[in-house]
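Peer 1: Below is the sequence, then the predicted model.
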Amino acid sequence: MTSVLQDLRQTIRQWRGEPGFFLVAVLTIGIGVAGVTTVLSVSDAILFRAQPGVNDADDLVNMRVADRAGRSGRLMSHAAFEALKATDNGMVGFSGGLQVEASVAWGGGGPPEIVAGVAATWDYFPTLGTRTARGRFFSREEDQVPGANPVVVLSHKFWTGGFGGDPSVLGQTVSINRHLGQTVSINRHPFTVIGIAEKGFHGHLPLYDYSLFVPLSMAEALTGRSLSESTVATVGRLAPKSSLRRVRGLTTGVAEELRAIHPADWMSSVFLVEPLSRSFQEFR
């Protein structure tokens, strides 16, 4: 104890003799503590807190294409996604989609607002366990024919911020247009608002804030690219008593089938299956 007190007294004398050093040391420690606190706060928000509208997240998986060593994960083609969806994949829900940048205009004559959205298959919301605050989500039938069903679900945040939380927006028409460096005709792509997602839901990826959701069948109208030219991100939910190992085993057969059809693309490729919590890829 005596030795500790002596060391403390000596340290205080040194600080008195070098106040500049003392100030720098205190600031350095303060910045370090603040940095650690920030990192822990962000990690808590991303890794530990449940995402609103995303239920039982431990059962959610992400699937990408990678080399045989499981490296260089990348988004898959729409054809590969359809092949996985058409077979027993060990999941009770398997949704795909892509990110869209949209210019949104509605009644009132104001300038269009540029927002990020998701064009996803009809089972996106059921797979995540998301509920509506108002209205409904788009159906399987509305996601079948390309360009045939221009319906949109708004995030609760976008509804309250962009539309003032007006419940009469349901059933109204807004224009969602391609944004290629300039604003195109606001009447080019009219969409009918059919639902508002539950409060707090902004998509299934913690780092991204999506304002609207449309059927994947409407993606070409918004991006100008056909689905055959697009890549999709995926999110799936494990079936009861299923596991990542089982899903990986089932998808191996699909990869072999694709390798036989497209040897140049799949000669060294496999499906990479991971828990969604370990994947923060962009949904595009």
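Peer 2: Noted; the coordinates are in hand. Every value quoted in this text rests on a predicted model; they were computed, and no experiment measured them.
Peer 1: Need the three-state assignment for the residue lying closest to G129 once chain neighbours are set aside.
Peer 2: In this structure, G129 finds its nearest non-sequential neighbour in N55, 3.2 Å apart by CB to CB, 6 or more residues apart in numbering. Bear in mind the C-beta positions are built from the backbone N, C-alpha and C, glycine included. The local conformation at N55, judged by DSSP: H, G, I helix; E, B strand; the rest coil, is coil.
Peer 1: and after the helix or strand of the chain with the lowest mean pLDDT, which helix or strand comes next?
Peer 2: Taking mean pLDDT, DSSP states H and E as the measure, the chain has helix 19-43 as its least confident helix or strand, at a mean of 46. Sequence order places strand 60-67 as the next helix or strand after helix 19-43, per DSSP states H and E.
Peer 1: Tell me which residues are up against that next one.
Peer 2: Strand 60-67 has contacts (CB atoms under 8 Å, 6 or more residues apart in numbering) with 54, 72-76, 80, 84, 91, 127-128, 204, 233-238, 244, 247, 251, 268-279, 281.
Peer 1: hang on, the earlier thing: for the residue nearest to G129, give its distance to H262.
Peer 2: Applying CB to CB, to the nearest Å, the value for N55 to H262 is 36 Å.
Peer 1: Spell out, range by range, the helices that occur in the stretch 101-250 of the chain.
Peer 2: With helices called from DSSP state H, counting those that start in this stretch, the stretch 101-250 of the chain shows them at 124-128, 156-162, 219-223, 244-261.
Peer 1: Which one of those lies nearest to A102?
Peer 2: Smallest distance to A102 across those (CB to CB): 6.0 Å, for helix 219-223.
Peer 1: Put the alpha carbons of the closest one into PDB.
Peer 2: Extracted C-alpha coordinates of helix 219-223, given in PDB (Å, rounded to 0.1, in the frame of the first residue of the first chain):
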ATOM      1  CA  ALA A 219     -38.200  -4.000 -60.800                       C
ATOM      2  CA  GLU A 220     -37.600  -3.600 -64.500                       C
ATOM      3  CA  ALA A 221     -40.000  -0.600 -64.600                       C
ATOM      4  CA  LEU A 222     -37.900   1.200 -62.000                       C
ATOM      5  CA  THR A 223     -34.400   0.100 -62.900                       C
END
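Peer 1: what does it rub up against?
Peer 2: With CB under 8 Å, 6+ apart, helix 219-223 has contacts from 97-98, 100, 102, 117, 119, 146-147, 150, 176-178, 189, 214, 225-227, 230.
Peer 1: Kindly recompute the last result at 10 Å.
Peer 2: 78, 97-103, 117-120, 146-148, 150, 176-180, 188-189, 191, 214, 225-230, 232, 284 (CB atoms under 10 Å, 6 or more residues apart in numbering).
Peer 1: which of the residues you listed are buried?
Peer 2: For the contacts of helix 219-223, a burial check counting by 16 or more other CB atoms under 10 Å picks out 78, 97-100, 102-103, 117-120, 150, 176-179, 189, 191, 214, 227, 230, 232, 284.
Peer 1: just checking, which of these belong to strands?
Peer 2: Here DSSP state E is the test, and the buried ones among the contacts of helix 219-223 give 97-100, 102-103, 117-120, 176-178, 191, 214, 232 as lying in strands.
Peer 1: Which residue in those residues has the weakest pLDDT?
Peer 2: The lowest pLDDT within those belongs to R178, with 47.
Peer 1: what stretches of the stretch 1-150 of the chain score poorly on pLDDT?
Peer 2: Applying pLDDT under 70 to the stretch 1-150 of the chain flags residues 1-50, 107-110.
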